[in-house]
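Undergrad: Structure for this input, please:
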Amino acid sequence: MSDSLEPTLPALLDALADTAADVLNAGAREGWSPVGIYSALDAVDLLIAAARQYGGPLDHALEPVPGCTVAARAALRDPLPDPPRPRTNGTRREEEDGTAQFRAWRDARWHTPQGEAPEVTAVRAVYERAVAAEKLAKKRAREASRETLRALDAMQAHDAGRP
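TA: Purely as a prediction, here's the structure:
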């Protein structure tokens, strides 16, 4: 007999979504720090590990995520090379690839909010998921078309008496 006072999984997941929105708002208001990002990545790892337990296509789809969180932790921890001299090609490259902004943010004494409003972040994340789903659907459609063409070729070869 379960305790009726314990929240159900759907209620906890709703609360988790609300808490994630609160975390985004706090990050926009107070700024992110490497410690905060480590904690966020820990939460991602925990949720992904739970979801991967169901195996099959879900496990396969989520397989790269732990590697991404490990790479993100390494990016926070690993030392960057010394900054290039001002007004050189190295400086320009660091500005183009975002290394200069990351260096300034990571090494700042206080981490001030950067980037976009939390609402924009949430909308962008939803958009990126939709784009990724569309790419995956197109990829699977191409694979299915190739399989169909192979099957048709095999049937034609069989009908023509070729092995």
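Undergrad: Name the residue closest to the centre of this protein, please.
TA: Val65 (6.9 Å; Cα atoms, centre = their mean).
Undergrad: buried ones in the strand or helix carrying that residue?
TA: Here Val65, judged by DSSP states H and E, is contained in helix 64-77. Within helix 64-77, the residues scored as buried using 16 or more other Cβ atoms under 10 Å are Val65, Thr69, Arg73. All C-beta spots, glycine's among them, are computed from the backbone N, C-alpha and C.
Undergrad: if I pick Pro118, what's in contact with it?
TA: Ala21, Leu24, Asn25, Gly27, Ala28 (Cβ atoms under 8 Å, 6 or more residues apart in numbering).
Undergrad: per-residue pLDDT, the second one?
TA: At Leu24, the pLDDT value in this model is 87.
Undergrad: now do Leu80
TA: With respect to pLDDT, Leu80 scores 83.
Undergrad: again with Thr88
TA: 92.
Undergrad: What values do phi and psi take at it?
TA: phi -120, psi 170 (degrees, to the nearest 10).
Undergrad: now it: how far from Glu94?
TA: 10 Å (Cβ to Cβ, to the nearest Å).
Undergrad: Who has more neighbours out of the two?
TA: Each of Thr88 and Glu94 has its neighbours counted (other Cβ atoms under 10 Å); Glu94 has more, 19 against 10.
Undergrad: ok, so what distance separates the more buried one from Trp105?
TA: 13 Å.
Undergrad: How about Pro118?
TA: 17 Å.
Undergrad: Quick one: the helices in this protein, in order.
TA: 9-30, 34-52, 56-62, 64-77, 89-97, 99-107, 118-159 (DSSP state H).
Undergrad: looking at the ones you listed, which is closest to Pro83?
TA: Across the helices of the chain, Pro83 has its closest neighbour in helix 99-107 (6.6 Å, Cβ to Cβ).
Undergrad: Can you give me the buried ones in that closest one?
TA: Thr99, Ala100, Trp105.
Undergrad: Return it as PDB; C-alpha atoms alone will do.
TA: What follows is helix 99-107, C-alpha atoms only, in PDB (Å, rounded to 0.1, in the frame of the first residue of the first chain):
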ATOM      1  CA  THR A  99      36.400  31.400 -26.800                       C
ATOM      2  CA  ALA A 100      37.100  35.000 -25.800                       C
ATOM      3  CA  GLN A 101      33.600  35.400 -24.300                       C
ATOM      4  CA  PHE A 102      33.900  32.100 -22.600                       C
ATOM      5  CA  ARG A 103      37.300  32.900 -21.100                       C
ATOM      6  CA  ALA A 104      36.000  36.300 -19.800                       C
ATOM      7  CA  TRP A 105      32.900  34.600 -18.300                       C
ATOM      8  CA  ARG A 106      34.700  31.700 -16.700                       C
ATOM      9  CA  ASP A 107      37.600  33.700 -15.300                       C
END
